[in-house]
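In: With the input below, show me the fold.
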Amino acid sequence: MEISLNGQNAFLVKTASGTVICDPANEEEATFVPSSAADDTVLTAVLRSRPANSTFRRQGRFASSDVISHPGEYEIGDLGLRGIALPVDSESKKTVTSFRIDAESLAVYMLGRPKASPDSRTVQIIGRVDVLLLDAARLEMDVKELSSLIGALDPSLVLANGIDPDTEEPGMMLKSLLGETGSDQANKEPQPRVSVTKSNLPDDRQLVVLRPRS
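Out: Numbers count the residues shown, from 1 in each chain. Predicted structure coming up:
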């Protein structure tokens with residue numbers, strides 16, 4: 001499994017069972033760019049946590065790809081996808097959709113963009129997590145609450161975006177997250193991509209920052 005960024009914000013999760021783009025911010029991020037990744041990549045689905053906030057429409061050669069934005073179980077070939085509702089915040093009844101991706105004996109969890117952490121029952125529904133994807137560029141959750149959630153989910157690997165495109169330095173949320181988790185747990189150099197297998201998961205949790213592909 002290979003995980004990278006597609007554009008500035010969206011995570012691209014490429015597996016032997018299919019490839020998904022996680023929560024693109026615009027039409028460009030919702031479209032796979034063959035020149036920046038392997039030619040054999042086949043886009044399977046686009047996962048969106050807040051469909052109401054997205055105004056773009058998918059067009060062109062990838063218009064037939066599944067766009068999933070609601071809770072539920074989805075089987076696309078050998079790729080297992082599960083949408084899990086999370087509260088937008090602690091006061092509203094509105095929800096956003098997070099996604100669990102199961103492939104290659106790995107469980108990848110895309111948190112999406114809630115403003116409050118899920119309750120203990122929802123954490124149980126999410127289940128075991130090997131890799132956690134954090135959108136530090138757009139996430140508005142309190143960083144201490146986020147740190148507590150990371151502890152509850154207990155992933156082996158945390159992958160985060162959040163590099164400011166102008167300064168090429170960590171944005172405010174990413175900087176706070178790095179400070180909260182401790183710099184000794186973070187990979188100091190942002191990576192263009194990470195290859196993950198069940199056998200190479202770290203024994204101690206690692207936080208790796210992803211940077212957009214050139």
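In: Check which helices and strands the helix or strand hosting residue 158 sits against.
Out: Assigning secondary structure by DSSP states H and E places residue 158 in strand 157-160. Contacts defined by 3 or more C-beta pairs under 8 Å, 6 or more residues apart in numbering; DSSP states H and E place strand 157-160 against strand 131-134, helix 172-181, strand 206-209. To be clear about C-beta, it is placed using only N, CA and C from the backbone, and glycine gets the same treatment.
In: need the helices for the protein, in chain order.
Out: With DSSP state H as the criterion, the chain has helices at 120-126, 143-153, 172-181.
In: got the angle for the longest one vs helix 172-181?
Out: For helix 143-153 against helix 172-181, the angle by axes from the mean of the first three to the mean of the last three C-alpha atoms, to 10 degrees is 60 degrees.
In: Rounded mean pLDDT for helix 143-153, please.
Out: Throughout helix 143-153, pLDDT has a mean value of 93.
In: Counting neighbours, which bits of that helix end up buried?
Out: Neighbour-count burial for helix 143-153 flags 143, 146, 147, 149, 150, 153 (criterion: 16 or more other C-beta atoms under 10 Å).
In: With the first one instead?
Out: Of the residues in helix 120-126, residue 126 count as buried by neighbour count, 16+ other C-beta under 10 Å.
In: The nearest residue to residue 12 once chain neighbours are set aside: neighbour count?
Out: Nearest non-adjacent residue to residue 12, counting by C-beta to C-beta, 6 or more residues apart in numbering: residue 6, 4.0 Å away. By other C-beta atoms under 10 Å, 27 other residues sit near residue 6.
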